[in-house]
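S.K.: Give me a 3D structure for the following:
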Amino acid sequence: MSEFPIVPTAEDVTRQVLSDHPDLMVVAFRFDASGAIGALHQHPHVQSTYVESGRYRFTVGDQEREVAAGDSFVIPSNVPHGCVCLEPGTLVDCFTPRRDDFL
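M.R.: Take a look at the predicted model:
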């Protein structure tokens with residue numbers, strides 16, 4: 001069990017840091033309802049996303065793709081990205097370096 005709190009980030013979406021180090025952070029994003037949105041954003045961190053469960057439509061830069069349980073992909077630094085939840089589930093994101101704004 002993580003010592004970090006569960007933080008609401010949007011309607012039906014929460015975030016919980018699972019582990020962190022200055023060079024790397026692992027975070028679970030839980031989407032509790034179809035239609036929940038991970039707002040379009042960008043950051044200087046390189047991000048790897050693993051779909052633990054659920055199904056999502058992701059926008060990464062100018063590309064759109066559907067992903068489901070077992071899929072993973074990398075989002076380069078400063079590339080706009082976001083998603084719409086198609087089936088509730090959990091995304092596990094790794095960031096390098098860590099997202100200090102999540103602490």
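
S.K.: Run a quick neighbour tally on the closest residue to residue 79 other than its chain neighbours.
M.R.: Leaving out its chain neighbours, the residue that sits closest to residue 79 by Cβ to Cβ, 6 or more residues apart in numbering is residue 61, at 4.9 Å. (Each C-beta comes from the backbone N, C-alpha and C, glycine too.) By other Cβ atoms under 10 Å, the residues close to residue 61 number 11.

S.K.: same deal with the one 4 residues further on?
M.R.: Number of residues near residue 65 (other Cβ under 10 Å) recorded here: 12.

S.K.: Same check on residue 88?
M.R.: Residues near residue 88, counting by other Cβ under 10 Å: 16.

S.K.: gap between it and residue 36?
M.R.: Between residue 88 and residue 36 the distance is 8 Å, computed by Cβ to Cβ, to the nearest Å.

S.K.: residues contacting the residue nearest to residue 79?
M.R.: 79-81 (Cβ atoms under 8 Å, 6 or more residues apart in numbering).

S.K.: What is the nearest of those residues to residue 32?
M.R.: Residue 32 has its nearest neighbour among the contacts of residue 61 in residue 81, at 20.6 Å by Cβ to Cβ.

S.K.: Which residue lies closest in space to the closest one, excluding its sequence neighbours?
M.R.: residue 60 (4.6 Å).
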